[in-house]
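In: Got a predicted model here, sequence first, then my questions.
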Protein chains: 2
Amino acid sequence: MDEKNPRARPGLSRPTIRDVARLAGVSLGTASKALSGQGRMRPETRRNVAQVAKDIGFHPNDLAQSLHRNRSYTVGIISNDNFGRFSFPIVEALEEQLASERFAVFMSNATDDPERERAHVAALMAKRVDGFVVTARRADRRPKLQIPANGPPVIYVFSRADDEEALCLLPDDEGGARLGVDHLVRLGRKRIAHVTGPEHFEAVRLRRDGWQKSLRSAGIEGSYLSGVWSEQWGRESVSKLFADRKTAPDAVFCGNDQIARGVIDALRERSIYVPSDVSVVGFDNWEVMAEAARPPLTTIDMNLKEMGRETGRLLMELIGGKHLHGTRRLPCSLVIRDSCGATRAAKH
Amino acid sequence: MDEKNPRARPGLSRPTIRDVARLAGVSLGTASKALSGQGRMRPETRRNVAQVAKDIGFHPNDLAQSLHRNRSYTVGIISNDNFGRFSFPIVEALEEQLASERFAVFMSNATDDPERERAHVAALMAKRVDGFVVTARRADRRPKLQIPANGPPVIYVFSRADDEEALCLLPDDEGGARLGVDHLVRLGRKRIAHVTGPEHFEAVRLRRDGWQKSLRSAGIEGSYLSGVWSEQWGRESVSKLFADRKTAPDAVFCGNDQIARGVIDALRERSIYVPSDVSVVGFDNWEVMAEAARPPLTTIDMNLKEMGRETGRLLMELIGGKHLHGTRRLPCSLVIRDSCGATRAAKH
DNA sequence: TTGAAAGCGCTAACAA
DNA sequence: TTGTTAGCGCTTTCAA
C-alpha cells in the first residue's frame, strides 16, 4: 500500500505524521512543529498541515510520544480485595479527576494474592505507568507495594501500608462517629449504645473511640457491642440491648448501615418506635440501604467521591515530583434522614 | 550518568536493553534475542545476558515493543452510566480473563455524556488500544461507539448497540424468568404474580414474557404489576395483590431482589408466611440483599462473572481477526434459598 | 521559515 | 553464533 514502507505490517496501520508531511508537501519536522503549535512558521503552512492531518484522520500515537517523553500519561490502580462497594465510588471519581488531567487509568485486581499483585505491578511497570494507586477494603495494614526505589510514586487510598513514609488517604472514622453521636446528644438522647463490626477493623476501633469521646464529653453512657457487619447481627443486638427495659438505650449508633437496618427492623418488631422511642444512626450512607430503611436512615457519609478526587490531585503532585507522605484523613459528613427525629440541622 | 546518552532525560530513566548489552559485553541484537529466547546462540551467552538483565533490574519497555508490533496489549472499557452493581462483577471477571492473556485494561467512565465518551474514545485510540468493551446499565439500546471503520473491534456487554451488526452479550432474561417461574410451578403453586420494574427496560419486558410463557405452559394464572425498582414498590404491591383474599397469589415472582425483599417484609407484616403461605422468587442474586431477607431469598443469578469471562474470550477472538456479530444471550441460573419452601432441586 | 538527522527503547532482517 | 543496521512514530536539535 504505502511504497515508502517496504515491510508489510500486521494489524491496522493508521496514518502517521509522515503521511501528513508527505501529503502536505513539507518535511517531517515541519509537520510535527505545525501540529504541536511549536516554533515559528508561515501561518499558511501550519493551516495547510492541520487541514491535511484532519482530512486523512491523523491522530498522533501516544505510545510513540511517551517513548520520547519518558512519561506515559497513565496510572495503574491496584485493588486487593475485589473492587467493591467502597472502592467503586473512589475509583470512579479518581478516574474522572485523572481524565481531566489527560491521564488514562489501568485497572487491575489483585484479589489479595501477593503473586498476582506482583504480576500486575510488573505488567504496569512495563507499560511505564507514571504512578500507582492502591485501594482495598482491608481490616489492617497491607505490605507496601513492591516496586524499585526509583520507581513511580504510590498512593494508598482506603487502605494503609505498613510503612510510615507511605502516603495514605483514609476517611476520618473517629470524626465521623463523633458527628453521629453528637447529633444524638443534641437531640437530647441520654443512653447511646454502639453496635458495630469486628474489632480487627481499624475503622471499628476508631469509630468506637469517637463514640466514647462524644459520650464522655456529654457526660452520658451507653453499652457497646461488637459483632459482624450484617443485618442479622443488628437484629440480634436489639434483643441484647433491650433485654432489660431499665438499661435499654434511647439511641443506637451503628457501625454500618446494614447493622442499622437490622436494628430498625428488630425495633419495629418489638413495637419500639423509631425515632420517637429510639433514635438510630448508621454509617456509610449506602443509599440503597439507607433509603429503604423504615424510617429512612440518618447516617454518616465518608465522602468517597471526594476521596477519589483528592487521590487524583495528590497523585498529580507526586508525579510532578513533590514528596508527600504520611496518613491523611478526610472528613465525613452527617446525612440526616428520618431515623433520629426532629432536628433543626441543615440537611447537607 | 550514562556517557552514551548525552541528552539529560526527564523523569526516571530505567535500564534499557542497550545497558544490558553493554554490561554483558554483547551486541544489542544479541541481547534482544537472548532475552526473548529467539534464535540460536551459546547457552552460556544467553545465561550471561539474562543474569546481567536481572542484576541491573532490566524490564523491557512495553511501549517500545508496542510501537514496533503495532499492538499495545491493552483494551479500553467504556462505561456509560457509572460503573455499578451490575457492571462491577462483569468488569472484574473481564479484567481477570484479559490479564491471563497478558492484556491490560483501561477503565473509563463516560457517565452517559456523548462528549465525554468521544473524548475517552479518542484518548484510548491515541493509546492504541487493541479493542473496546462497552458496558452500561441502560434501559434501551445505545448509539454505537464512534470509531473509524478500520478501528479496533468493539464488544457490548450488558448493553446493546443500535446496530444489528454489533456484537452484544446479554443475560437471557426470558430464560431466567422461566427458570424461576418453573421452579414455583414444580412446587405446586397455582397463582403466580409478577411484580417488576419499569417497562422501558427491555429486561422487564423479557422477564415478563418468560413469566407468561411459563404460566401458559403450566395452564395457570397470575397478575402482573409493573412499577419501580425499589423495596417500597415491593411493599406497596403486596397491598394490591392481597387486597382481595380470593384472588391473592400463592407465589410472587419479582423483577429484582429489592422488590422481592419489599414483598417479603410486607407479607410478614400481614402475617402471611413465606414460604408456607406464599413463595417468593427474586432476580439478580444480589447477595447482600438476598441473604439478609427473612427468609433468605431464592433468586435468579445472571452469572455476571461468567459474562465477563466470555466477554474477554470473545474480545480475544475479535482481536485475533475473527468476525463476530449479533446478540448473544448467556443463561441465568436459579439460586435456591428458603423463600420458596421444600424442594429437591440441587442447590447449585 | 524549513529541512535533515539523531534518537526514544526495542525488534528483526541481513551480514559477517 | 554474533554484530550491524534499518526501522516502529514521534520530537527536537541543528543546519540550511
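Out: Great, that's in hand. Numbering: from 1, shown residues only, chains lettered A, B, ... in the order given.
In: Roughly how far does A:G175 sit from chain B?
Out: According to C-beta to the nearest C-beta, to the nearest Å, A:G175 and chain B sit 27 Å apart. Glycine gets a C-beta too; all of them are placed from N, C-alpha and C.
In: How many neighbouring residues does that residue have?
Out: Neighbour count of A:G175, defined by other C-beta atoms under 10 Å in any protein chain shown: 17.
In: Secondary structure element for it, which one?
Out: Applying DSSP states H and E as the criterion places A:G175 in helix A:173-186.
In: If you count neighbours, what's buried in that helix?
Out: By neighbour count on 16 or more other C-beta atoms under 10 Å in any protein chain shown, the buried set for helix A:173-186 is A:173-185.
In: do stretch A:103-123 as well
Out: Those would be A:103-110, A:116-117, A:119-121, A:123, for stretch A:103-123 by 16+ other C-beta under 10 Å.
In: Among those residues, which lie within helices?
Out: Mapping the buried residues of stretch A:103-123 onto helices (DSSP state H) picks out A:R116, A:E117, A:A119, A:H120, A:V121, A:A123.
In: I figured the first one was touching A:A110, is that so?
Out: Yes: using C-beta atoms under 8 Å, A:R116 makes contact with A:A110 at a distance of 4.9 Å.
In: what is in contact with these two at once?
Out: Counting by C-beta atoms under 8 Å, 6 or more residues apart in numbering or on different chains, A:R116 and A:A110 have no shared contacts at all.
In: Tell me who's in contact with the residue nearest the centre of chain A.
Out: Nearest to the mean C-alpha position of chain A, by C-alpha atoms, centre = their mean, lies A:I90 at 2.2 Å. Residues in contact with A:I90 (C-beta under 8 Å, 6+ apart) are A:T135, A:V157, A:F158, A:L304, A:K305, A:M307, A:G308, A:T311.
In: These in strands, which ones?
Out: Using DSSP state E, the subset of the contacts of A:I90 located in strands is A:T135, A:V157.
In: that older thread, name the element the residue nearest to the centre of chain A belongs to?
Out: A:I90 is part of helix A:87-99, with elements assigned from DSSP H and E.
In: Mean confidence (pLDDT) on that helix, please.
Out: Taken as a whole, helix A:87-99 has a mean pLDDT of 93.
In: ok, and does stretch A:115-125 reach over to chain B?
Out: Yes: using C-beta under 8 Å from any C-beta of the partner chain, stretch A:115-125 reaches chain B at A:A119, A:H120, A:A122, A:A123, A:L124, A:M125.
In: out of those, who's nearest B:L35?
Out: Nearest to B:L35 among the residues of stretch A:115-125 next to chain B is A:A122, at 14.7 Å by C-beta to C-beta.
In: any low-confidence regions in chain A?
Out: A:1-13, A:81-83, A:343-348 (pLDDT under 70).
In: picking that back up, could you redo the contacts of A:I90 as a markdown table and give each row distance to A:N150 and neighbour count?
Out: A markdown table is the format used below for the contacts of A:I90 (distance: C-beta to C-beta, whole Å; neighbours: other C-beta atoms under 10 Å in any protein chain shown):
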| residue | distance to A:N150 | neighbour count |
| --- | --- | --- |
| A:T135 | 24 | 27 |
| A:V157 | 23 | 29 |
| A:F158 | 27 | 27 |
| A:L304 | 32 | 23 |
| A:K305 | 33 | 17 |
| A:M307 | 28 | 24 |
| A:G308 | 27 | 26 |
| A:T311 | 22 | 26 |
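In: Indicate the residue of the stretch 1-150 of chain A located nearest to DNA strand C.
Out: Nearest residue of the stretch 1-150 of chain A to DNA strand C, counting by C-beta to the nearest atom of the strand: A:G29, 2.6 Å away.
In: Would you mind naming the helix or strand containing that residue?
Out: Using DSSP H and E, the element containing A:G29 is helix A:28-36.
In: do that helix and DNA strand D meet at all?
Out: Yes: if you take C-beta under 7 Å from any atom of the strand as the test, helix A:28-36 does meet DNA strand D, through A:L28, A:G29, A:S32, A:K33, A:L35, A:S36.
In: Kindly give a single PyMOL line that selects the buried subset of those.
Out: In PyMOL, a selection of the buried entries from these looks like this (16+ other C-beta under 10 Å):
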select buried, chain A and resi 32+33+35
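In: For B:Y224, state which of the residues of helix A:28-36 next to DNA strand D is nearest.
Out: Of all the residues of helix A:28-36 next to DNA strand D, A:L35 has the smallest distance to B:Y224: 60.1 Å, by C-beta to C-beta.
In: I'd say that closest one and A:P60 touch.
Out: Yes: using C-beta under 8 Å, A:L35 is in contact with A:P60, at 7.4 Å.
In: So of the buried residues of helix A:173-186, which two are at opposite extremes in space?
Out: Within those, two members stand farthest from each other by C-beta to C-beta: A:D173 and A:V185, at 18.5 Å.
In: Not counting sequence-adjacent ones, nearest residue to A:A292?
Out: B:E231 (4.2 Å; C-beta to C-beta, 6 or more residues apart in numbering or on different chains).
In: Of the residues of helix A:28-36 next to DNA strand D, just say which sits nearest to chain B.
Out: A:L35 (13.1 Å; C-beta to the nearest C-beta).
In: if I look at the closest one, how far off is B:A122?
Out: With distances taken as C-beta to C-beta, to the nearest Å, A:L35 is found 15 Å from B:A122.
In: what do you get for A:R270?
Out: For A:R270, the distance to B:A122 - C-beta to C-beta - is 59 Å.
In: Provide a complete list of residue ranges assigned to strands in chain A.
Out: With strands called from DSSP E, chain A shows them at A:74-79, A:104-109, A:132-135, A:154-157, A:167-171, A:192-196, A:224-226, A:251-254, A:279-283, A:298-301, A:326-330, A:333-335.
In: between those, which gets nearest to B:A203?
Out: Comparing the strands of chain A against B:A203 with C-beta to C-beta, the closest turns out to be strand A:104-109 (26.2 Å).
In: follow-up on the earlier one: got the contact list for the residue nearest to A:A292?
Out: Listed by C-beta under 8 Å, 6+ apart, the contact partners of B:E231 are A:A292, B:Q258, B:I259, B:R261, B:G262, B:D265.
In: what does A:K240 give?
Out: A:K240 makes contact with A:L225 under the criterion C-beta under 8 Å, 6+ apart.
In: from what I can see A:G176 touches A:D209, true?
Out: No: if you go by C-beta under 8 Å, A:G176 and A:D209 don't touch, sitting 11.3 Å apart.
In: about what we covered before: who does the helix holding A:G175 touch, helix- and strand-wise?
Out: Applying 3 or more C-beta pairs under 8 Å, 6 or more residues apart in numbering or on different chains; DSSP states H and E, we find helix A:173-186 packed against strand A:192-196, helix A:202-218, strand A:251-254, strand A:279-283, strand A:298-301, strand A:333-335.
In: Could you point out which of those sits nearest A:P148?
Out: Smallest distance to A:P148 across the helices and strands packed on helix A:173-186 (C-beta to C-beta): 29.0 Å, for helix A:202-218.
In: in the closest one, what counts as buried?
Out: By 16+ other C-beta under 10 Å, the buried positions in helix A:202-218 come out as A:A203, A:V204, A:L206, A:R207, A:R208, A:G210, A:W211, A:Q212, A:S214, A:L215, A:A218.
In: Now distance to B:P249 too, for the residues you listed, in CSV please.
Out: Formatted as CSV, these follow (distance: C-beta to C-beta, whole Å):
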residue, distance to B:P249
A:A203, 44
A:V204, 43
A:L206, 48
A:R207, 44
A:R208, 46
A:G210, 48
A:W211, 46
A:Q212, 50
A:S214, 49
A:L215, 49
A:A218, 51
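In: Return the closest of those residues with respect to B:L169.
Out: Distances from B:L169 to the buried residues of helix A:202-218, taken by C-beta to C-beta, are shortest for A:A203, at 37.5 Å.
In: so what's that closest one up against?
Out: Each residue near A:A203 by C-beta under 8 Å, 6+ apart is listed here: A:P171, A:D173.
In: what angle sits between the helix holding A:I90 and helix B:87-99?
Out: With axes from the mean of the first three to the mean of the last three C-alpha atoms, to 10 degrees as the basis, helix A:87-99 and helix B:87-99 are set at 70 degrees to each other.
In: I am finished for the moment; much appreciated.
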